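> I would like to see how this sequence folds:
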Amino acid sequence: MPSLYESAWHIPATPWLANAAFLLILGMSRGPRRGLFALLAIAIALDAWLNGALTPLGRASPSVRTAVSLFFVLAGDFRYFAVSDLVAGDKGRSLARALGLTFVVPVVALPLRLLDAPERVLWLAYEGAFVVFALVLRAVLWPRWLGARSAPPEAVRAVRALTTFQIVQYGLWALADVLLLADLGVGWLLRLVPNTLYYAVFVPFAWWWTAEARPR
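Numbering: from 1, shown residues only. All right, here's what the predicted structure looks like:
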């Protein structure tokens, strides 16, 4: 099972094919945010290249590879917060607040890094913390912020959908890591699902909901 998980067909081939198809569809569409979503698709394809089986960083030091991996983890979280805030309609604060929200979970998970916990335990802590944070966002914080902006129903539904997507994605990652910590190889198979959601599905999913939420 790890051989399939670590294969080039999983990452980067699947993300490249999915995002190439999405870019073709995007090129035939109309809308003010095409440039943004084209950039997101290219960024996640770059992530798949640098962190996948065909990475050019194979001979780089572990610290360099860890730094690159962490950068793209944060970038992946940032895209969710940024798109959600843009949909909510407050352009003046969107990027600043999205950046701040991106670092909430890493700060919470940092103590385990200082305790030199095993890598999979670190990722499980990160994933679990993100699920809890996203649940709080969905139930409390986003409704409060959207209400303060008098956001239209389409924007409310879009932000709820994007947040639910993140909860499912991170929840599946966490469940897979629990299985792997219990030495159950099925965890590798399960991890294929959230990886596909992250690398291949999120950008077109967010584009679809953004199109629905766009003011008419």
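> And the contacts of the one helix or strand residue 24 maps to?
Element membership for residue 24, per DSSP states H and E: helix 14-27. If you take Cβ atoms under 8 Å, 6 or more residues apart in numbering as the criterion, helix 14-27 is touched by 34, 37-38, 41-42, 44-45, 47-49, 52, 196, 199-201, 203-204, 207. Yep, even glycine has a C-beta here, placed from its N, CA and C like the rest.
> Mean confidence (pLDDT) on it, please.
Average pLDDT, helix 14-27: 96.
> now swap in stretch 117-136 and tell me
pLDDT averaged over stretch 117-136 gives 93.
> Ok, stretch 85-105 next?
So the average pLDDT for stretch 85-105 ends up being 83.
> and the contacts of helix 14-27, which are buried?
Among those, those classed as buried by 16 or more other Cβ atoms under 10 Å are 37-38, 41, 44-45, 47-49, 52, 196, 199-201, 203-204, 207.
> re earlier: pull out the buried residues from the helix holding residue 24.
Across helix 14-27, burial judged by 16+ other Cβ under 10 Å covers 14, 15, 16, 18, 19, 22, 23, 26.
> coming back round to it: give me the subset of the buried ones among the contacts of helix 14-27 that lies in strands.
Nothing among the buried ones among the contacts of helix 14-27 maps onto strands, per DSSP state E.
> out of those residues, which one sits closest to residue 138?
residue 201 (18.8 Å; Cβ to Cβ).
> if I pick that closest one, what's in contact with it?
Contacts of residue 201 (Cβ under 8 Å, 6+ apart): residue 18.
> State the pLDDT value of it.
98.
> can you tell me which residue is nearest the centre of this structure?
The residue lying closest to the centre of the chain (Cα atoms, centre = their mean) is residue 76, at 3.9 Å.
> If anything else comes up later, I'll come back, but that's it for now.
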